[in-house]
Structure formats: structure tokens, C-alpha cells
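In: Just need the structure, nothing else, for what follows:
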Amino acid sequence: MPVLTAAGAGVRRRRRWLFDNLDVSVEPGELVAIVGPPGSGRTTVLLALARRFKLSAGRVTGSASLGWVPEVTSAEPVLTVREHVQERLLLLGRPPREAGQVPLLGLDPLTKGYELSPFQRQLLGLVLARLEQPRVIALDAVDEGLDARESAELWSVLGGIAADGIAVLVTAREINPDQVSTVIRLGEAAEREPEPEPVDGDTQQEEKS
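Out: The predicted model follows:
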């Protein structure tokens, strides 16, 4: 049974469709990639599928916990990794003492937010997202600022999450289709990068591997 679906979904801004007529069905444990050049609408599609961005057309059912999404789920500069976990536990109504039992994916619990590398920000986003016991996790820009080793390690972590039955949505400029179950490919880039609102995204198609 799908954990997230979109039917005829679209977002329109300033008389232009950022994306439209998006249909997708995500099963437990699937890895779904939203692929396109900068400004093509990747982040808007991701947030729309996670139900964090208001649709202009269609509908999305299901929900997703957000991992790292720049400008949306940025780490607090002065908080340590452990403090981020404790804060999220409090927001979820759980005792912060549970932080000691939370897997940190190799992160140093004393590292502050401003010290995190792009790779470490992705890991922290996944740690925090999993605290919500989600059926779907969404994270942005998985190919930005990572070297080859870090990229391989991140995909290994994502594969482990998917193996646990949690669906994963990611965005990237380009991707090896063998790494994922579904690719949503967006159109040509617009003139400027989204913050997180892209300007264009006029075509998309769903490709099943």
C-alpha cells in the first residue's frame, strides 16, 4: 500500500506553473529521486510532496518527515548535535534523556551546528527525521558539497533506511537511476535558484526502474 501519493499535483506562481500534472505513488522502502538543474523546481516538488508547500492543483496524500532542506531545516549554529536531538525529543513530547540512546550515524554529539560539513548536515537531518518514526523521509541536495566517499556513505545510509521500510525522497542535479526506484525528472533551469521557491519546472516525467 502506498505511503505517499500525488495526483495531478501542481504549484503555480506569478502566472507560471513551477510544476504541474505530477502523479506519483511511493511504496514503503522506495527511494525516489527528484532530478533537474538548479532552478528547475526540485525543492518545491520535494516540499509539495512532503506537504510543506501549498498546491495550486491536485492533491498529495500521506506525509513526510523532513531531513536536511537548506533554508527550511537548517541546524542551529550554537547547538550541539546532542542538543539538537534533545530539542527534537522535547518537541515530540519525549524525554530528552532518550538522546543517549539515539543512533547518531557517526556524528560527534558535541559538534556544534556551525561546524557541520554538508555531509554531516545531511546525517543530522536524517537522525532528527527518524525521531518522528516517519513512513517517508524527504531530504534535499544530496549531491551538493559531498566528495565521492561521503556520497557513497550517504547512499549507504539511505539504503539502510529504505531497507527498514521507510520511503526516502531526495533531490539532486543528476543521479544514477540504478540507485533509486523512481526518478521524477524536471525541465530546464530558470534564471535564479529557489529560496526555496524555484521559478520554473514546466515539465516532469516519472520513470520507473
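In: from here on, contacts and neighbour counts on C-alpha atoms
Out: Fine.
In: List the buried residues for the top helix by length along the chain?
Out: In the chain, with assignment by DSSP state H, the single longest helix is helix 148-163. Across helix 148-163, burial judged by 16 or more other C-alpha atoms under 10 Å covers S151, L154, L158, G159, I161, A162.
In: now the helix or strand just after it, how far from the centre of its chain.
Out: Sequence-wise, the next helix or strand downstream of helix 148-163 (DSSP states H and E) is strand 167-172. On the basis of C-alpha atoms, centre = their mean, to the nearest Å, strand 167-172 is displaced by 5 Å from the centre of the chain it belongs to.
In: Equivalent analysis for stretch 72-90, please.
Out: Stretch 72-90 has its C-alpha centroid displaced from the chain centroid by 17 Å (C-alpha atoms, centre = their mean).
In: follow-up on the earlier one: let's have the buried residues of helix 148-163 in a markdown table, adding distance to V102 and pLDDT.
Out: Formatted as a markdown table, these follow (distance: C-alpha to C-alpha, whole Å; pLDDT from 0 to 100):
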| residue | distance to V102 | pLDDT |
| --- | --- | --- |
| S151 | 23 | 95 |
| L154 | 18 | 97 |
| L158 | 17 | 97 |
| G159 | 19 | 96 |
| I161 | 15 | 97 |
| A162 | 18 | 97 |
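In: how about those residues, which pair is most distant?
Out: S151 and A162 (16.4 Å; C-alpha to C-alpha).
In: where are the low-confidence patches of the protein?
Out: For the chain, the stretches with pLDDT under 70 are 188-209.
In: which residues touch the residue nearest to the spatial centre of it?
Out: Among the residues of the chain, L139 comes closest to the average C-alpha position under C-alpha atoms, centre = their mean, at 1.6 Å. The contact partners of L139, by C-alpha atoms under 8 Å, 6 or more residues apart in numbering, come to L46, L66, G67, W68, V69, Q122, G125, V168, L169, V170, T171.
In: Phi, psi for the second one please.
Out: The one in question is L66. phi -90, psi 130 (degrees, to the nearest 10).
In: Could you measure from the residue nearest to it when sequence neighbours are not counted over to K54?
Out: Closest residue to L66 apart from its sequence neighbours, by C-alpha to C-alpha, 6 or more residues apart in numbering: A138 at 4.9 Å. According to C-alpha to C-alpha, to the nearest Å, A138 stands 16 Å off from K54.
In: before we move on, what about E174?
Out: According to C-alpha to C-alpha, E174 stands 26 Å off from K54.
In: do the same with S181
Out: 26 Å.
In: okay, the two: which has more neighbours?
Out: A direct count of neighbours by other C-alpha atoms under 10 Å for S181 and K54 places S181 higher, at 17 against 14.
In: thought F19 was touching T43?
Out: No - using C-alpha atoms under 8 Å, F19 is not in contact with T43; the gap is 11.1 Å.
In: quick revisit: ramachandran coordinates for the residue nearest to L66?
Out: Per-residue torsions, A138: phi -120, psi 130 (degrees, to the nearest 10).
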